[in-house]
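Colleague: Kindly return the folded structure for what I paste below:
(2 chains)
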Protein chains: 2
Amino acid sequence: MRISRRNCLLGCGLAAASLPAWAGDTAAGEHFLWLMMLLLLARLASLVERIGQPAVLGELAIGIVLGNLALAGFGGLAPLKGDAILHFLAELGVVVLLFQIGLESELSAMRQVGLRAFLVAVVGVVLPFLLGTWLVGPLLLPAAPFVAHLFLGAALTATSVGITGRVFQDAGQLHSAEARIVLGAAVIDDVLGLIILAVVSAIAQTGSVGLAEVAIISAKSLAFLLGAVLLGQAVAPRLARRMARIHPGPAMQFTVLISFCLGFAYLAHQVGLAPIVGAFAAGLILESAYMRDFRRDDLHVTLGEALIPAEPALRAELERVLEHENRHRMQRLVEPVGFLLVPLFFVLTGMQVDLVSFADPHTVAIALAVTVVAVLGKIAAGLAAGPVDKWLVGWGMVPRGEVGLIFAAIGRQIGVVSAELYSVIVVVIVLTTLVTPPVLAWLLRRRGLAS
Amino acid sequence: MRISRRNCLLGCGLAAASLPAWAGDTAAGEHFLWLMMLLLLARLASLVERIGQPAVLGELAIGIVLGNLALAGFGGLAPLKGDAILHFLAELGVVVLLFQIGLESELSAMRQVGLRAFLVAVVGVVLPFLLGTWLVGPLLLPAAPFVAHLFLGAALTATSVGITGRVFQDAGQLHSAEARIVLGAAVIDDVLGLIILAVVSAIAQTGSVGLAEVAIISAKSLAFLLGAVLLGQAVAPRLARRMARIHPGPAMQFTVLISFCLGFAYLAHQVGLAPIVGAFAAGLILESAYMRDFRRDDLHVTLGEALIPAEPALRAELERVLEHENRHRMQRLVEPVGFLLVPLFFVLTGMQVDLVSFADPHTVAIALAVTVVAVLGKIAAGLAAGPVDKWLVGWGMVPRGEVGLIFAAIGRQIGVVSAELYSVIVVVIVLTTLVTPPVLAWLLRRRGLAS
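Modeller: This next block holds a predicted model:
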């Protein structure tokens, strides 16, 4: 038997498991290859931008291809689908994405659209819920019990903001009123979704609603959001200043930033909200002004010195450059981590799309009808957005994601959601996810032409 | 029963496993907290710099504390030790570290010290091997068979360059002749270690050496290294240029860089070398000149424009700034990923140190004696380094790591290495790892005073 280091670690499972972190284990080796492949393919797929499509659509599409190669007889990538490490990196990726989006957003600007975002969220949750439970449910799945319709309605409520955020980010439109309304509504949406889940689960299991239960869940999530914003605003500047005093280098600044991101994602998760809601909140409360005490790097020092003797015109120009640099220093520090992790999220999301779900025409027909209702409900919500591009807001709310799937999974666990209804919900989520990016890109282009 | 999204995902294991990547699962939530905690503690621990100790020692020390809290009755962190996700992130961290070190090193400068690095590697492998097998083995473990002594000698050969690289990096000394010699010697060292492993394993199992086997292993690893350098130098500029033509933004540049890093780490792993050797080679062949076609960001464009009308003195200054920026653009792009992952490697390395290994005085006494020999062997190797600080080179080669452990694990699997000998090797690795950073810091300070 030939013994190489690799074979050893493959062979002696237990011995390897007890090896310290030093040991370069085989799993890590394979993962390096997978990561390289996924990142390269995602980057090349994002070139769909050239034909006017958002990069994220290319990443989703390459994911769907990779995830369904088994249908073409190539099963070599099957292990990637369920791989815990890749899934964690993808999950961290979407958290980092929403943190980046939060960093680019300003809290005061979000506040300005607060009421409108709230209206959009409420309409966008209530309407699909009503339509799902009392219209399409009874119409398309007449044999299913009422609670199944209830779960269908609930699964249609919550927007998954990753896709829309990414499209707005790629288009440089995060500062538009539409983007702010969608982002704000998605946060409120998630709170409402959490409450609906509690109510629906209680009805399915006991036939009645425990109001105290609902009150506790609502209170917890509201406390998190208010606490994040109010306490965060009070604590973040002081904490940042103190950490900068301990060590003012970029390593410390990065650690402060990523700690806020991870900490808030964890807290959101703890109160039952999506981690991305927490990461977004973290980005929102951090402002470049808080980071003033971190040491400016070589570039800044040299430029600052160059400023002093410069003639007025050039001096103004250089000051503008420095100001711009300062304002974007947080984003610059987080950006490469985004380059590494964000594409993984969208490619892996694509890989989870099982084309076999689309094999049963009956299921697909029902799913298409439900998708239309799911889209219409959110477009109607866009009407509550006030004097902005209502189509953009409405379509921005269309993508469904993790929350819908979690509803479906809980319903299935309780025994209320049938295998068919589960497939329907999966297909609806896939369709809303895939249809949105090109539509948003088209709406953004249209607006660009109009303005 | 209260059903929150979290509880659902905890409860319905199978359903959760089949959920797409969208689903924010519980494991990810906990990991966010762990990551935050480890990164914050690592950063604070690195403040040992203030008392003249290298940051890496602080990270190792906090790791040892965290990893042994169970001895103080707090077992809450036990799951972190064996966590596959954290281990992967740590493994990726040391790969990124060696890639960064490679990026900062220049191939031509490495070539200048090639012969001396080779001599240091050979002496540093042969001497500890001879001393381990024929001196301390028979002396300290007289009851053990010859093959056990053989494994002990072999386990003492290979340097683990992560620690030393980090100390040199933190001290801004990566360009010194000493650092280059140590880095070069560590690469050669790894090849020699691979060959010794093949020989020793063959002797232990069949009593003889298969020369063809050894020739194949040597050929493969040499082919990788030569191929990486020669082919890499030929291919890298063209590939970078082509990718820049496809899309010249920082996202593409980052993807090209990290793909080289991951691809070479994987290839090294495939031929049986440590992934970090591949990552170092990848960094070494990439030169900032290859990245010329990637778009300069806003800052560069504005500064470039500001240059034109500027007066000569200021102009020269600004040109210097831009030149510096250009040369360091690759490092800047990779740096934040290092901030995220590198500390995890050293903290997790510390966490693997089981203080219980130090409980048996007999084992510790033997281990101390072996450590002395392990250190002396490498210090003697430093004498081959020519007209540089020989102590710095010698001590730079002292840390042992994964390779020694793999030797010990294989020996144990074959049944040659006893539980006691295994513990001895573990303690030797721990001691060489912990003793080196302060000694290197002291030697660097001493040199700083002398020069």
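Colleague: Let me know the pLDDT of residue A:96.
Modeller: In the predicted model, residue A:96 carries a pLDDT score of 96.
Colleague: The helix or strand harbouring it and chain B in contact?
Modeller: Mapping residue A:96 onto the secondary structure by DSSP states H and E places it in helix A:84-104. Yes. Applying Cβ under 8 Å from any Cβ of the partner chain, one finds helix A:84-104 touching chain B at A:84, A:85, A:87, A:88, A:90, A:91, A:92, A:95. Where you see a C-beta, it was placed from the backbone N, CA and C, and this is true even at glycine.
Colleague: so how far is the helix or strand following that helix off the chain centroid?
Modeller: The helix or strand immediately downstream of helix A:84-104 is helix A:107-112, counting by DSSP H and E. The offset between the C-alpha centroid of helix A:107-112 and the centroid of the whole chain comes to 20 Å, using Cα atoms, centre = their mean, to the nearest Å.
Colleague: The helix or strand following helix A:107-112 packs against which elements?
Modeller: Following the chain from helix A:107-112 toward its C-terminal end, the next helix or strand by DSSP H and E is helix A:114-131. Counting contacts by 3 or more Cβ pairs under 8 Å, 6 or more residues apart in numbering or on different chains; DSSP states H and E, helix A:114-131 is packed against helix A:146-155, helix A:177-206, helix A:361-382.
Colleague: can you redo those helices as a markdown table with mean pLDDT, mean neighbour count and distance to chain B?
Modeller: Output for these, formatted as a markdown table (pLDDT from 0 to 100; neighbours: other Cβ atoms under 10 Å in any protein chain shown; distance: least, Cβ to the nearest Cβ, whole Å):
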| stretch | mean pLDDT | mean neighbour count | distance to chain B |
| --- | --- | --- | --- |
| helix A:146-155 | 92 | 25 | 12 |
| helix A:177-206 | 88 | 23 | 4 |
| helix A:361-382 | 94 | 20 | 15 |
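Colleague: Just send those back as JSON lines, with distance to residue B:253 too.
Modeller: Supplementary listing: the helices and strands packed on helix A:114-131 in JSON lines, determined by distance: least, Cβ to Cβ, whole Å:
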{"stretch": "helix A:146-155", "distance to residue B:253": "41"}
{"stretch": "helix A:177-206", "distance to residue B:253": "27"}
{"stretch": "helix A:361-382", "distance to residue B:253": "37"}
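Colleague: of those helices, which approaches residue B:382 most closely?
Modeller: helix A:177-206 (58.3 Å; Cβ to Cβ).
Colleague: just checking, what packs against the next helix or strand after that closest one?
Modeller: Stepping forward along the backbone from helix A:177-206, the first helix or strand reached (DSSP H and E) is helix A:211-246. Secondary-structure packing of helix A:211-246 (3+ Cβ pairs under 8 Å, 6+ apart): helix A:177-206, helix A:250-270, helix A:275-285.
Colleague: Tabulate those (JSON lines), appending distance to residue A:230.
Modeller: Rendered in JSON lines, the data for those read as follows (distance: least, Cβ to Cβ, whole Å):
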{"stretch": "helix A:177-206", "distance to residue A:230": "15"}
{"stretch": "helix A:250-270", "distance to residue A:230": "14"}
{"stretch": "helix A:275-285", "distance to residue A:230": "9"}
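Colleague: Of all those, which one is nearest residue B:287?
Modeller: Distance to residue B:287, taken as Cβ to Cβ, is lowest for helix A:250-270 among the helices and strands packed on helix A:211-246, at 23.5 Å.
Colleague: can you tell if that closest one touches chain B?
Modeller: Yes. For a cut-off given as Cβ under 8 Å from any Cβ, helix A:250-270 has contacts with chain B, namely A:250-252, A:254-255, A:258-259, A:262-263, A:265-266, A:269-270.
Colleague: separation between residue A:218 and residue B:88?
Modeller: Using Cβ to Cβ, to the nearest Å, we find residue A:218 at a distance of 38 Å from residue B:88.
Colleague: ditto for residue A:281
Modeller: Distance of residue A:281 to residue B:88, computed by Cβ to Cβ: 28 Å.
Colleague: Compare residue A:218 and residue B:88 (neighbour count), which wins?
Modeller: Neighbours per residue, other Cβ atoms under 10 Å in any protein chain shown: of residue A:218 and residue B:88, the larger number sits with residue B:88, 24 against 15.
Colleague: Name the nearest residue to the more buried one, ignoring sequence neighbours.
Modeller: In space, residue B:88 comes closest to residue A:85 once its chain neighbours are excluded; the distance is 4.8 Å by Cβ to Cβ, 6 or more residues apart in numbering or on different chains.
Colleague: excluding its backbone neighbours, what's nearest the residue sitting nearest the centre point of chain A?
Modeller: In chain A, the residue lying closest to the centroid (Cα atoms, centre = their mean) is residue A:162, at 3.0 Å. The shortest distance from residue A:162 to any residue other than its chain neighbours is 5.0 Å, reached at residue A:94 (Cβ to Cβ, 6+ apart).
Colleague: coming back round to it: does the residue nearest to the centre of chain A touch residue A:100 like I think?
Modeller: No. Contact between residue A:162 and residue A:100 fails when scored by Cβ atoms under 8 Å: they sit 11.4 Å apart.
Colleague: how far away is residue A:356 from residue A:71?
Modeller: Between residue A:356 and residue A:71 the distance, using Cβ to Cβ, works out to 8 Å.
Colleague: And for residue A:187?
Modeller: Distance from residue A:187 to residue A:71, counting by Cβ to Cβ: 38 Å.
Colleague: The one helix or strand residue A:65 maps to close to chain B?
Modeller: Assigning secondary structure by DSSP H and E places residue A:65 in helix A:55-67. No. For helix A:55-67, no contact with chain B is found by Cβ under 8 Å from any Cβ; the gap never falls below 8.9 Å.
Colleague: Return the helix or strand in chain A with minimum mean pLDDT.
Modeller: Among the secondary structure pieces of chain A, namely its helices and strands, helix A:13-17 has the lowest mean (mean pLDDT, DSSP states H and E), a mean of 32.
Colleague: moving C-terminal of it, what's the next helix or strand?
Modeller: Using DSSP H and E, the next helix or strand after helix A:13-17 towards the C-terminus is helix A:26-45.
Colleague: hmm, who's touching that next one?
Modeller: Residues from elsewhere that reach helix A:26-45, judged by Cβ atoms under 8 Å, 6 or more residues apart in numbering or on different chains: A:6, A:9-10, A:55, A:58-59, A:61-62, A:66, A:80, A:83, A:85-86, A:89, A:340, A:343-344, A:346-348, B:84, B:87-88, B:91-92, B:95, B:246-247, B:251-252, B:255, B:258-259, B:262-263, B:265-266, B:269-270, B:275.
Colleague: One more pass at 6 Å, please.
Modeller: Judged by Cβ atoms under 6 Å, 6 or more residues apart in numbering or on different chains, the contacts made with helix A:26-45 from elsewhere in the structure are A:6, A:9-10, A:58-59, A:62, A:80, A:85, A:343-344, A:347, B:88, B:91, B:252, B:255, B:259, B:262-263, B:265-266, B:269.
Colleague: now the residues you listed: which count as buried?
Modeller: With burial judged by 16 or more other Cβ atoms under 10 Å in any protein chain shown, the buried subset of the contacts of helix A:26-45 is A:6, A:9, A:58-59, A:62, A:80, A:85, A:343-344, A:347, B:88, B:91, B:252, B:255, B:259, B:262-263, B:265-266, B:269.
Colleague: hang on, the earlier thing: so which of the helices and strands packed on helix A:114-131 gets nearest residue B:235?
Modeller: The stretch from those with the least distance to residue B:235 (Cβ to Cβ) is helix A:177-206; that distance is 41.5 Å.
Colleague: and that closest one, what does it pack onto?
Modeller: In this structure, helix A:177-206 makes packing contacts with helix A:107-112, helix A:114-131, helix A:146-155, helix A:161-170, helix A:211-246, helix A:390-396, judged by 3 or more Cβ pairs under 6 Å, 6 or more residues apart in numbering or on different chains; DSSP states H and E.
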